[in-house]
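Visitor: Build me a model:
(one chain, ligands or ions: 1)
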Amino acid sequence: MELRLETKLMQSLTPNYEFDDVTKIDEKIFFNKELIIFDIDNTLFYPETTEIKDNIKEWFLKINKKYRCICFSNSFTIEKRSKEIIQKLDCELFLSRHKKPSKKLFNEILEKYNVVADKIIIIGDLRITDIFFGNRCGAITILVKPFGKESRKIRFFRFLENLIIKLI
Ligand SMILES: [Mg+2]
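Guide: Numbers count the residues shown, from 1 in each chain. The predicted structure is shown next:
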């Protein structure tokens, strides 16, 4: 019983794919998918800012032309930053009262974009929000490495992630 729980927990935090950053993602993964959901902080932008690296922006603009992409963030400052982020990415920013890894949030997305779970890709840098969110809802998950300074709350999440992975 205990072992099964551990295996389940580990599986729910393990992405389908891992890359150093979004620009390294093998584009074959995107073929035949209907929606790509990007996390914002430390996936596309420096955390809690509207600053994005040139190579990431360039890559994103190219991908956004070829595939249906949206962005979503759990950050409390996202509404304040949204206009500038949308401008820089030329991409829709999904806003909701729910946060990752909520299934209610996922259902809202399914309904709005009229897609099925296994045609959705979720890309993010945090296992306990982005990856858990995608895995529990049946989407395809991609983990990227963070690159910017993080808030205390996110550092705590990351500490928890590492702890869980070490303990299992
Ligand atoms: Mg993030």
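Visitor: What backbone torsions are found at the most centrally placed residue in the chain?
Guide: Compute the mean C-alpha point of the chain, and by CA atoms, centre = their mean the closest residue is residue 124, 2.9 Å away. Dihedral pair for residue 124: phi -160, psi 180, per degrees, to the nearest 10.
Visitor: so where is this protein shaky, pLDDT-wise?
Guide: Scanning the chain for pLDDT under 70 picks out 1-3.
Visitor: residues in the protein within reach of the ion, list them.
Guide: Residues of the chain that fall close to the ion, judged by CB under 5 Å from the ion: 39, 41, 42, 125. (Glycine included, C-beta is placed from N, CA and C.)
Visitor: how about 6 Å then?
Guide: Applying CB under 6 Å from the ion, we find that the chain lies next to the ion at 39, 41, 42, 43, 124, 125, 126.
Visitor: By neighbours, which of these wins?
Guide: Neighbours here mean other CB atoms under 10 Å. Within the residues of the chain next to the ion, the largest count is held by residue 124, at 30 neighbours.
Visitor: if we can go back for a sec, the residue nearest to the centre of the chain and residue 132 touch, don't they?
Guide: No. Residue 124 is beyond contact range of residue 132, at 9.9 Å (criterion: CB atoms under 8 Å).
Visitor: Please enumerate the shared neighbours of the two.
Guide: Residues within reach of residue 124 and of residue 132 at once, by CB atoms under 8 Å, 6 or more residues apart in numbering, are residue 100.
Visitor: who's in contact with the spatially closest residue to the residue nearest to the centre of the chain that is not a sequence neighbour?
Guide: Nearest residue to residue 124, sequence neighbours excluded (CB to CB, 6 or more residues apart in numbering): residue 130, at 2.5 Å. Residues in contact with residue 130 (CB under 8 Å, 6+ apart) are 39, 43, 100, 101, 122, 123, 124, 141, 143.
Visitor: got the buried residues for stretch 84-91?
Guide: Across stretch 84-91, burial judged by 16 or more other CB atoms under 10 Å covers 85, 88, 89, 91.
Visitor: buried residues in stretch 22-39?
Guide: Buried residues in stretch 22-39, counted by 16+ other CB under 10 Å: 22, 25, 29, 30, 33, 35, 36, 37, 38, 39.
Visitor: can you give me the helices for this structure?
Guide: Secondary structure of the chain (DSSP state H): helices at 2-13, 54-66, 78-89, 103-113, 132-137, 152-167.
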